[in-house]
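>>> Sequence first, then the predicted structure:
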Amino acid sequence: MNAPSPAQTVTVTDAAYARVGEILADTPDKTALRISVEGGGCSGFSYKYDLVDEQPAQDDQVFERDGARIYVDSLSLVYMGGSKIDFIDNLMGQAFQIENPNAVASCGCGTSFSI
């Protein structure tokens, strides 16, 4: 696993770690949440969330706390540098949310973005 450059740094909030830990505790056959950036969506890119049962790839950045593990691959880090991964729980619902300073536009539904 390579050390990320400062431009590729991603932070994870306590709420996101807690929710990932809850999900993994309820899904014992999975070991981590993988977050990646894919081409697609109405604005050009979208985030993909996958529960996985695998060791991190050599180029993954691994975020881990109290049994909660999140993998982000190096290509996705290029698009996510400086982002904050959070978990929101409010009257509108529950969802992981990524605050990405590189995104210059996003779609109305909030699931895709452009850089």
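Nice, thanks for sending it over. Bear in mind that the values here come from a model prediction, so they are computed numbers and not experimental data.
>>> quick one: the strands in this protein?
When assigned using DSSP state E, the strands of the chain occupy the ranges 11-12, 32-39, 45-52, 61-65, 68-72, 84-90, 93-99, 105-106, 112-114.
>>> Of those, which is nearest residue 24?
strand 68-72 (6.5 Å; Cβ to Cβ). For every residue, glycine as well, the C-beta is placed using N, CA and C.
>>> Which strands or helices does the closest one pack on?
Judged by 3 or more Cβ pairs under 8 Å, 6 or more residues apart in numbering; DSSP states H and E, the packing partners of strand 68-72 are helix 14-26, strand 32-39, strand 61-65.
>>> Check the gap between residue 76 and residue 98 for me.
Counting by Cβ to Cβ, to the nearest Å, the separation of residue 76 from residue 98 is 10 Å.
>>> neighbour count winner among those two?
Each of residue 76 and residue 98 had its neighbours counted (other Cβ atoms under 10 Å), and the higher figure belongs to residue 76 (23 against 18).
>>> List the contacts of that one.
Taking Cβ atoms under 8 Å, 6 or more residues apart in numbering as the criterion, residue 76 is in contact with 35-37.
>>> still on that earlier bit, any chance of the strands of the chain in TSV, with mean pLDDT and distance to residue 25 too?
Converted to TSV, the strands of the chain look like this (pLDDT from 0 to 100; distance: least, Cβ to Cβ, whole Å):
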stretch	mean pLDDT	distance to residue 25
strand 11-12	95	17
strand 32-39	91	12
strand 45-52	89	12
strand 61-65	94	14
strand 68-72	96	9
strand 84-90	91	15
strand 93-99	87	16
strand 105-106	56	31
strand 112-114	48	30
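>>> now these in a markdown table, with distance to residue 20?
Listed next are the strands of the chain as a markdown table, based on distance: least, Cβ to Cβ, whole Å:
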| stretch | distance to residue 20 |
| --- | --- |
| strand 11-12 | 8 |
| strand 32-39 | 5 |
| strand 45-52 | 9 |
| strand 61-65 | 9 |
| strand 68-72 | 4 |
| strand 84-90 | 8 |
| strand 93-99 | 9 |
| strand 105-106 | 23 |
| strand 112-114 | 22 |
